[in-house]
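Enquirer: Fold the following, please.
(chains A, B, C and D)
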Protein chains: 2
Amino acid sequence: MEARKKRRSTADRSSESVTVDLTAVVVAVTGGEPRVLTLSSAGEEALDRLPSGPLTPEHRTLEQGLRAWVETQTGQVLGYAEQLYTFGDRDRRLPTAKGSDRILSIGYLTLVRGPRKTDRAPGVWQDWYRFFPWEDWRDGRPACLAALRDPLMRWAAGANAPSDRRAREERLALSFGFASGSWNEDRVLERYELAYEAGLVAEAHREGGSTFLDAPLAQTGRAMAGDHRRILATAIARLRGKIKYRPVVFELMPPAFTLLQLQQTVEALAGLRLHKPNFRRLVEQQGLVEETGAVTLGTGGRPARLVRFRREAVLERSAPGLRVRAARRARRAP
Amino acid sequence: MEARKKRRSTADRSSESVTVDLTAVVVAVTGGEPRVLTLSSAGEEALDRLPSGPLTPEHRTLEQGLRAWVETQTGQVLGYAEQLYTFGDRDRRLPTAKGSDRILSIGYLTLVRGPRKTDRAPGVWQDWYRFFPWEDWRDGRPACLAALRDPLMRWAAGANAPSDRRAREERLALSFGFASGSWNEDRVLERYELAYEAGLVAEAHREGGSTFLDAPLAQTGRAMAGDHRRILATAIARLRGKIKYRPVVFELMPPAFTLLQLQQTVEALAGLRLHKPNFRRLVEQQGLVEETGAVTLGTGGRPARLVRFRREAVLERSAPGLRVRAARRARRAP
DNA sequence: TCAAAAGTGTTATCCTTACACCCATGT
DNA sequence: ACATGGGTGTAAGGATAACACTTTTGA
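Expert: Numbers count the residues shown, from 1 in each chain, chains lettered A, B, ... in the order given. As a prediction, the model looks like this:
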């Protein structure tokens, strides 16, 4: 343990020079699919990145800096924004980093209402399940999960100490529900971290450390630059958890929408199919929406009422959200 | 809006030199009261501070740096630790800060099992309700709340724009339950921030900005250095929320304990009285504890079984926690 | 007429809450 | 005996999940 210091001083030169990166996970739902805004650098090998940039003296607040960088890089103006987590391990270093400065990365979850599909900006909206194929259970258990199971199990069994082995098996059982067979859609980050530790994802093979598998698995989705995929996993986990007790879904909806559109948005985020009649009752009985009086035609069937978010709901209920659980027998895919 | 930059580079000299402070909220429950570890500097005027220190190159991870600082400053070894939030607004600057460097503060919630009561270290364990007297509802509605209500209402009514006024009133209604009369113990941070904005707490008067009230209210508890009280509020809010779906309380319990001790710990954290028979059933039916076989004597009544935390519970339940709600008719204070 | 989507009704089940009550020990 | 804390039974009420079924449009 280092020697006890008298009293810290902010001018203390033992403190490190640090670069702070602000990184945004910008989420929208369009066409019933969850999208995340990425920057795809030109070139074959280039990896997808999240919009991000360093904190500079012009930025009065962290969130302001984030908004500025996203607008500069993609033209997208942000709506709702929420800080996720600060990543700062010393070995976490982008390949381009010079010198011995530490890079601290502050991740944000931000939501925008359906953007133009044909955004002419350098940003590209991508289905977030391209990065996490095992997270989409809307059409039943995803096929790629079968491919993950075996290497994960072997990774757990290959631990040196027996206590380690038990700990790994426990984490697997909890995160993927391998033992109990029950899938918890919120555990996105835990699942990604296990896949990383077991060497299944490409990111784990970049730093040159030793990994359990020699090469990443093909079925583990697209990689991203740096630890952006970890930040994306954090964002999805937070959003999936939050829709249950806070009315954040409505940040993604147009001013007026049908109950089916709302349901499909929740389904897109949670990666689950829901039971239609019960979903509608849940929404209405919570007082989360009110009639606009209008109806839509051309939805393919009977015209649907258009509703809007009812802001007063947050005053009336202590946890105004959509406590979703998967329908036992899933509605057919559209 | 600033001119579009070509592509950020980590070596970009527009990025700011930043000092990163690691700040710990160290929580324990002893004698049925929630305690937080503070450093009380000598002198009359000195404010309580949380253990904290700058991130330095020796620290491999943020959490490691935090643990080192807490041990150095207080001798306390940390158990459970969880990152809370990163505070980084530019106007947030300790009075001692030199130069134009920004200070970024990363707050952590950490839990330790009952420490020695007579800690000879420079750290002092203090009841956290000294800093938030309105948060303790264990003996019914706290008296100080009556004193807060009026100035808060006048602050809301004094907003310039009518939309601002409505927004403020809505926040008050939600956070303090003034309208609905329903108290939600989790909204600790929202309540502190409202008290700050309305100029009720001493911290709001430090930077010399204009405040609604000319002087802080006496009934708003002890102030802390910097924005440490805000960080403490964040920690309490997180902990109160988390005990409901994660078995974190057990990080605060000795290896064996009685159900009443567990209940009193939860009550101390949540600031509420609970219904005894239902609490016990909740704990046992969730499978959160198992018998040790031993019993305690000298509890003042019939000897109680000693139980221990049952780790397997986290595998069996998707949200293994203590979803507490206030008892309608409170048990008498001990 | 049929497919597709919008809706309504109803029931079984579980969980929570509150109330009433008995048990075992120390003073 | 009684105060104090330990502990059980149970019934009312609400929320949930599943089922079956009707309605209204467009092709």
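Enquirer: Run through the stretch 51-200 of chain A and note the low-pLDDT ranges.
Expert: Along the stretch 51-200 of chain A, the model assigns pLDDT under 70 to residues A:90-100, A:116-121.
Enquirer: pLDDT at A:S9, what is it?
Expert: Per-residue pLDDT puts A:S9 at 40.
Enquirer: Smallest gap between chain A and DNA strand C, at which residue?
Expert: DNA strand C sits closest to A:G301 of chain A, with a gap of 2.6 Å, by CB to the nearest atom of the strand. All C-beta atoms are positioned from the backbone trio N, CA, C, and that covers glycine.
Enquirer: List of residues touching stretch A:168-182?
Expert: The contact list for stretch A:168-182 (CB atoms under 8 Å, 6 or more residues apart in numbering or on different chains) reads A:145, A:148-149, A:152-153, A:155-157, A:159, A:183-184, A:187, A:190-191, A:194, B:314-316, B:318.
Enquirer: how does it look with 10 Å?
Expert: Defining contact as CB atoms under 10 Å, 6 or more residues apart in numbering or on different chains, one finds that stretch A:168-182 is touched by A:134, A:145, A:148-149, A:152-153, A:155-159, A:183-184, A:187-195, A:197-198, A:326, B:311-312, B:314-316, B:318.
Enquirer: what's the answer for stretch A:300-317, then?
Expert: With contacts defined as CB under 10 Å, 6+ apart, stretch A:300-317 is touched by A:245-247, A:249-251, A:253-262, A:283-284, A:286-297, A:320-321, A:334, B:169-170, B:173-174, B:179-180, B:182.
Enquirer: Flag every residue of the stretch 201-334 of chain A that's near DNA strand C.
Expert: With CB under 7 Å from any atom of the strand as the criterion, the stretch 201-334 of chain A comes near DNA strand C at residues A:258-260, A:276-277, A:280, A:295, A:299-305, A:334.
Enquirer: make it 6 Å
Expert: A:T258, A:L259, A:L260, A:P277, A:R280, A:T299, A:G300, A:G301, A:R302, A:A304, A:R305, A:P334 (CB under 6 Å from any atom of the strand).
Enquirer: Distance check, the fifth one against A:L322.
Expert: Right, A:R280. Distance, A:R280 to A:L322, by CB to CB, to the nearest Å: 11 Å.
Enquirer: Report the set of residues contacting both of those two.
Expert: Residues touching both A:R280 and A:L322 (CB under 10 Å, 6+ apart): A:L262, A:Q263, A:L274.
Enquirer: out of A:R280 and A:L322, which sits in the busier spot?
Expert: The neighbour count for A:R280 versus A:L322, taken as other CB atoms under 10 Å in any protein chain shown, is higher for A:L322 (23 against 16).
Enquirer: Next, check the contacts of stretch A:168-182 against the strands and list the overlap.
Expert: Judged by DSSP state E, these include no members of strands.
Enquirer: Weed out the non-buried ones from the residues you listed.
Expert: Buried by 16 or more other CB atoms under 10 Å in any protein chain shown: A:134, A:145, A:148, A:152-153, A:155-156, A:183-184, A:187-195, A:197-198, A:326, B:314, out of the contacts of stretch A:168-182.
Enquirer: Show me these that map onto helices.
Expert: Among these, DSSP state H puts A:145, A:148, A:152-153, A:155-156, A:188-195, A:197, B:314 in helices.
Enquirer: List just the nearest of those to B:T23.
Expert: Comparing those against B:T23 with CB to CB picks out A:L189 as the nearest, at 23.7 Å.
Enquirer: need the contact list for the closest one.
Expert: A:Y85, A:S175, A:R230, A:I231, A:L232, A:A233, A:T234, A:A235, A:I236, A:A237, A:R238.
Enquirer: Distance-wise, check the fifth one relative to A:L50.
Expert: With the distance defined as CB to CB, A:L232 ends up 7 Å from A:L50.
Enquirer: shared neighbours of these two, which are they?
Expert: Counting by CB under 10 Å, 6+ apart, the contacts common to A:L232 and A:L50 are A:T23, A:V25, A:V36, A:T38, A:G107, A:M224.
Enquirer: Dump whatever helix or strand the fourth one lives in to CSV, restricted to CA.
Expert: This points to A:T38. Assigned by DSSP states H and E, A:T38 falls within strand A:33-40. Once non-C-alpha atoms are left out, strand A:33-40 reads as follows in CSV (Å, rounded to 0.1, in the frame of the first residue of the first chain):
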residue,chain,number,x,y,z
GLU,A,33,-36.9,-2.5,-35.5
PRO,A,34,-34.5,-1.0,-32.9
ARG,A,35,-31.8,1.1,-34.5
VAL,A,36,-28.6,2.6,-33.3
LEU,A,37,-26.7,5.4,-34.9
THR,A,38,-23.3,4.4,-36.0
LEU,A,39,-20.4,5.9,-38.0
SER,A,40,-19.1,3.5,-40.5
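Enquirer: hmm, that strand in reach of chain B?
Expert: Yes - Strand A:33-40 lies within reach of chain B by CB under 10 Å from any CB of the partner chain, at A:L39.
Enquirer: For that strand, buried residues please.
Expert: For strand A:33-40, burial by neighbour count (16+ other CB under 10 Å) applies to A:E33, A:P34, A:R35, A:V36, A:L37, A:T38, A:L39.
Enquirer: Assess the claim that the third one and A:W125 are in contact.
Expert: Yes - with the criterion set as CB atoms under 10 Å, A:R35 and A:W125 qualify as a contacting pair; they are 4.1 Å apart.
Enquirer: what sits in contact with each of those two?
Expert: With CB under 10 Å, 6+ apart as the test, A:R35 and A:W125 both reach A:V26, A:V27, A:A28, A:P115, A:K117.
Enquirer: what would these look like in JSON lines with distance to B:V70, secondary structure and neighbour count?
Expert: Shown next, in JSON lines, are these (distance: CB to CB, whole Å; DSSP: H, G, I helix; E, B strand; the rest coil; neighbours: other CB atoms under 10 Å in any protein chain shown):
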{"residue": "A:V26", "distance to B:V70": "36", "secondary structure": "strand", "neighbour count": "26"}
{"residue": "A:V27", "distance to B:V70": "36", "secondary structure": "strand", "neighbour count": "24"}
{"residue": "A:A28", "distance to B:V70": "41", "secondary structure": "strand", "neighbour count": "21"}
{"residue": "A:P115", "distance to B:V70": "45", "secondary structure": "coil", "neighbour count": "19"}
{"residue": "A:K117", "distance to B:V70": "51", "secondary structure": "coil", "neighbour count": "9"}
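Enquirer: re the thing from before, farthest pair in the residues of the stretch 201-334 of chain A next to DNA strand C?
Expert: A:R305 and A:P334 (19.6 Å).
Enquirer: Looking at these two, which is more packed in?
Expert: For A:R305 versus A:P334, neighbours defined as other CB under 10 Å are more numerous around A:R305 (14 against 8).
Enquirer: Kindly state the beta-bridge partners for the more buried one.
Expert: Beta bridges link A:R305 to A:V295, judged by DSSP bridges.
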